[in-house]
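K.L.:
below: sequence and its predicted model.
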Amino acid sequence: MSQEPLRITVGPRWQFFTYQREGFQLIGTVQRGMQIGALAKMPDGDYAQVNGDIVETLNRSRVEFALRAATGTKPGEPIVNIPRAPSPAVVVTVKKKRRIVLPPSE
């Protein structure tokens, strides 16, 4: 197992790496060195990196440390409600309608 620090990003990008599974709480993405995948909390409370159908368990204390850094929670506070990154506001541009002006007919 790599001893490089885990890089966790909270949000819906886990969809690039796996699909919704029964019993798994998909949190975001986790990167360990060159490996990247979905970060999931399993029913037994352990964390795992999920790529497709491959589930690899991760060290719980290392994941919780990285999650605290990613979410800004302090030690002793529960990481139960993981905030989701707000989606950007939708921008709608309304353009003027163009009218064709015909020359006067004689």
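P.N.:
Noted; the coordinates are in hand. Numbering: from 1, shown residues only.
K.L.:
for residue 40, what are phi and psi?
P.N.:
phi -130, psi 150 (degrees, to the nearest 10).
K.L.:
and it, how many residues sit next to it?
P.N.:
24 (other CB atoms under 10 Å). Where C-beta positions appear, they are placed from N, C-alpha and C, glycine not excepted.
K.L.:
can you give me the pLDDT of it?
P.N.:
What the model reports as pLDDT for residue 40 is 92.
K.L.:
would you mind measuring from it to residue 25?
P.N.:
Plainly put, residue 40 is 7 Å away from residue 25 if you go by CB to CB, to the nearest Å.
K.L.:
quick one: common contacting residues for the two?
P.N.:
Residues touching both residue 40 and residue 25 by CB atoms under 8 Å, 6 or more residues apart in numbering: none at all.
K.L.:
and residue 42, how many neighbours?
P.N.:
Residue 42: 15 neighbours (other CB under 10 Å).
K.L.:
try residue 68
P.N.:
Residues near residue 68, counting by other CB under 10 Å: 15.
K.L.:
please apply the same query to residue 14.
P.N.:
By other CB under 10 Å, neighbour count at residue 14 equals 22.
K.L.:
swap in the one 4 residues further on?
P.N.:
Around residue 18 there are 19 other residues, counting by other CB under 10 Å.
K.L.:
and if you look at the one 4 residues further on?
P.N.:
By the other CB under 10 Å criterion, the neighbourhood of residue 22 contains 5 residues.
K.L.:
got any ranges where this structure has weak pLDDT?
P.N.:
Along the chain, segments meeting pLDDT under 70 span 1-2, 75-87.
K.L.:
need the strands for it, in chain order.
P.N.:
Taking DSSP state E, the strands of the chain run over residues 7-10, 25-32, 35-41, 47-51, 54-58.
K.L.:
to residue 72, which of those lies closest?
P.N.:
For these, the distance to residue 72 is smallest for strand 7-10, at 10.4 Å, taking CB to CB.
K.L.:
parallel or antiparallel, list what pairs with that closest one.
P.N.:
strand 25-32 (antiparallel) (DSSP bridges).
K.L.:
what about residue 103, distance to residue 96?
P.N.:
22 Å.
K.L.:
and of the strands of the chain, who's closest to residue 17?
P.N.:
Comparing these under CB to CB, the one sitting nearest is strand 35-41, at 4.1 Å.
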